[in-house]
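Visitor: next come a sequence and a model predicted from it.
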Amino acid sequence: MSSRMQTTSARTNPIDGRVVWAPAKSLWFTSMAAVYLAFGPSTFSWSALVVAGLLTGFTVCVGHSVGFHRLLIHRSFACPRWVEYLLVTTGVLVGMGGPRKMLRMHDSRDWAQRLPECHPFFRHSSNILRDWLWNLHCELRLAHPPDFRPEERVTGSRYYRFLDHTWMLMQLPLAALLYALGGIPFVVWGICGRIVLSLTGHWLIGYIAHNTGERDWHVDGASVQGFNVRGLGLISMGEAWHNNHHAFPESARLGLEASQPDPGWWFVCLLERIGLASELNEPGDLPERAELQSFPNTKPRSASAT
């Protein structure tokens, strides 16, 4: 369980709480969607679509999956500080939040899901429309939350504090570049359309990967199990192999089989080949977990690293 989430009271639990509207998050998504829906059709061009697609793939893979998830959150590989800053900055461009917000959002959910019971907000167990509303427009306020204590590497970084305060504004330099290259169409599709797609896709992959798919592993005592979702591995940059991730969260490799494409892992391996990453964790490098069982108890742990 993440050491960033500290239980300081016997009353601390992930069950009691209420879902409330989160104005900043909701208005951010709504404004991007409104601009895209209003001007997207009239500004469509194949070049704008290609730019939006390439930027989405690059920022989600390099920034979110590698920079935020595998590096900042799980420290599943090592790299120079300047490389980390580049990766995390690319993650900020996805439009979900700054470093501290992303850590808190991930670790709150991770902490809750590993316990025997948790709120439906954490389980993704509501119907799909309610889950969409909750995740893109609301937040869960627990009655007795744990203390969030990010490490000094994050809190002590002036650059990360800068990103935490300016993550929305970080779209402006990219928007200026896109405008110079392709005018308003590139901005509408490359900023607004991309952010809507990225945020919706992130939520939808999470919803699916917590509700349906295949399982090779079971985490005893956890209220939520992840699923591997075939067909979504490539477009999710490997994040759809979520059963593998629940089993081995500190592994930089999420697609553990030859049939499980994992673009995020491929990029980390590229960084290693050019000397910009090291200490890449795979399942076989991690400590044994007593609560981890093969499912349906037929797969040896060593096979996961093949």
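Guide: That came through fine.

Visitor: all strands of the chain, in order?
Guide: Ranges of strands within the chain are 5-6, 17-21, 138-142, 147-148, 217-219, 292-294, based on DSSP state E.

Visitor: what packs against the last one?
Guide: The reference is to strand 292-294. If you count contacts as 3 or more C-beta pairs under 8 Å, 6 or more residues apart in numbering; DSSP states H and E, strand 292-294 packs onto strand 217-219. All C-beta spots, glycine's among them, are computed from the backbone N, C-alpha and C.

Visitor: figure out which of the strands of the chain is closest to Asn127.
Guide: Closest to Asn127 of these is strand 17-21 (C-beta to C-beta; 13.8 Å).

Visitor: so what touches the closest one?
Guide: His119, Phe121, Trp134, His137, Cys138, Glu139, Leu140, Arg141, Leu142, Ala143, Pro145 (C-beta atoms under 8 Å, 6 or more residues apart in numbering).

Visitor: let's see 7 Å
Guide: Residues outside strand 17-21 that contact it (C-beta atoms under 7 Å, 6 or more residues apart in numbering): His119, Phe121, Trp134, His137, Cys138, Glu139, Leu140, Arg141, Leu142, Ala143.

Visitor: one more: stretch 89-98?
Guide: Stretch 89-98 has contacts (C-beta under 7 Å, 6+ apart) with 59-60, 62-64, 67-68, 102, 105, 163-164, 167, 170-171, 174, 195, 198-199, 202.

Visitor: try 6 Å
Guide: By C-beta atoms under 6 Å, 6 or more residues apart in numbering, the surrounding residues in contact with stretch 89-98 are Thr59, Val62, Gly63, His64, Gly67, Phe68, Leu163, Asp164, Trp167, Met170, Ile195, Ser198.

Visitor: so which of those is the most crowded?
Guide: Gly67 (30 neighbours; other C-beta atoms under 10 Å).

Visitor: contacts only, for that one.
Guide: Counting by C-beta under 6 Å, 6+ apart, Gly67 touches Leu87, Val88, Thr90, Gly91.

Visitor: state the pLDDT value of it.
Guide: Predicted confidence (pLDDT) at Gly67: the value is 98.

Visitor: in space, what's closest to it - neighbours in sequence excluded?
Guide: In space, and not counting its chain neighbours, Gly67 is closest to Leu87: 3.1 Å by C-beta to C-beta, 6 or more residues apart in numbering.

Visitor: out of the contacts of strand 17-21, which are buried?
Guide: His119, Phe121, Trp134, His137, Cys138, Glu139, Leu140, Leu142 (16 or more other C-beta atoms under 10 Å).

Visitor: which of the residues you listed sit farthest apart?
Guide: Largest separation among the buried ones among the contacts of strand 17-21 by C-beta to C-beta: His137 and Leu142, giving 18.2 Å.

Visitor: on that earlier part again, mind checking which of the contacts of Gly67 are buried?
Guide: Buried among those (16+ other C-beta under 10 Å): Leu87, Val88, Thr90, Gly91.

Visitor: measure the last one to Ser198 for me?
Guide: Look at Gly91 and Ser198: by C-beta to C-beta, to the nearest Å, they are 11 Å apart.

Visitor: next: the first one.
Guide: Distance check for Leu87 against Ser198: by C-beta to C-beta, it reads 16 Å.

Visitor: what do you get for Gln171?
Guide: Distance from Gln171 to Ser198, counting by C-beta to C-beta: 12 Å.

Visitor: check contacts around the residue nearest to Gly67.
Guide: Val66, Gly67, Leu71.

Visitor: one more: Arg253?
Guide: By C-beta under 6 Å, 6+ apart, the contact list for Arg253 reads Trp265, Glu282.

Visitor: quick one: residues in contact with stretch 255-269.
Guide: Here stretch 255-269 makes contact (C-beta under 6 Å, 6+ apart) with 61, 65-66, 77, 233-234, 237-238, 241, 244, 252-254, 277, 304.

Visitor: restricted to helices, list the residues you listed.
Guide: With helices taken from DSSP state H, the overlap with these comprises Asn244.

Visitor: buried ones among the contacts of stretch 255-269?
Guide: 61, 65-66, 77, 233, 237-238, 241, 244, 252-254, 277, 304.

Visitor: among these, which one has the lowest pLDDT?
Guide: Note: of the buried ones among the contacts of stretch 255-269, the lowest pLDDT belongs to Ser304, at 38.
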